[in-house]
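Undergrad: sequence unknown, structure follows:
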């Protein structure tokens, strides 16, 4: 296992401490989450089941022997565990590199505690080095892109990709994200936008960071 994979595994093990038995657990998407699912499979917590943010995570959870329920059935959650593509000192996030941010944002919104796992490379002073993913309705794709250009962004269609919801994703470069809450609200207001991958209005509550020197935890 590479150093980076070892760090992701260490972050996943630290996140396991937040699992609440006897309840449904929200589970995100991505390479670090895959390690978290492996930890769940090894330790077999007595949870009711999982609420998943993507088809890929659902398949992995089911292979590990966990029941996966819809959020409509499970209702509000105590804990949601996921990763991020970037995280600010205020625990605002950019998510959506894997294209699952719409379902991720829905689950985060109804969870009491949002636990985010990253390695040190994902920490930034200001969000925006990672392109901002935006899920859009197909017929509004060009209109949304033009609106993003007016905001100073450089939108690029993610080629040959559809989200689990069946929508295209635009990745936007060059946006000023020094006020991520304001940008999130402004992009959400553009007709045709399904979700923007900014998690600033609902940031992480707990940040677990794995690095060469071990794991650190920061709470908002």
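TA: Nice, I can see it. This structure is a prediction, so every number in the text was calculated from the model and none was measured. Residues are numbered from 1 along each chain as shown.

Undergrad: I'd like to check which residues are in contact with residue 122.
TA: Applying C-beta atoms under 8 Å, 6 or more residues apart in numbering to residue 122 gives the contacts 83, 84, 85, 86, 87. C-beta: built from backbone N, CA, C; applies to glycine.

Undergrad: now with 6 Å?
TA: Taking C-beta atoms under 6 Å, 6 or more residues apart in numbering as the criterion, residue 122 is in contact with 84, 86, 87.

Undergrad: what does stretch 17-31 rub up against?
TA: 45-54, 57, 74, 77-80, 82-83, 98, 100, 104, 107, 111, 115.

Undergrad: in this protein, which spans are helices?
TA: 3-16, 31-43, 55-63, 71-74, 101-109, 141-150, 180-188 (DSSP state H).

Undergrad: Just list the residues touching residue 186, thanks.
TA: If you count contacts by C-beta under 6 Å, 6+ apart, residue 186 has none.

Undergrad: ok, it to residue 201 distance?
TA: 12 Å (C-beta to C-beta, to the nearest Å).

Undergrad: centroid residue for this structure?
TA: Centroid check for the chain by C-alpha atoms, centre = their mean gives residue 95 as the closest residue, at 4.6 Å.

Undergrad: domain ranges for the chain?
TA: Following automatic domain parsing, the chain resolves into domains at 3-121+201-210, 132-197.

Undergrad: What pLDDT is listed against the residue lying farthest from the centre of the chain?
TA: Residue farthest from the centre of the chain, counting by C-alpha atoms, centre = their mean, is residue 150 at 26.6 Å. pLDDT, residue 150: 98.

Undergrad: what comes up buried for the longest strand seen in the chain?
TA: Longest strand in the chain, counting residues (DSSP state E): strand 111-119. Residues of strand 111-119 classed as buried by neighbour count (16 or more other C-beta atoms under 10 Å): 111, 113, 114, 115, 116, 117, 118, 119.
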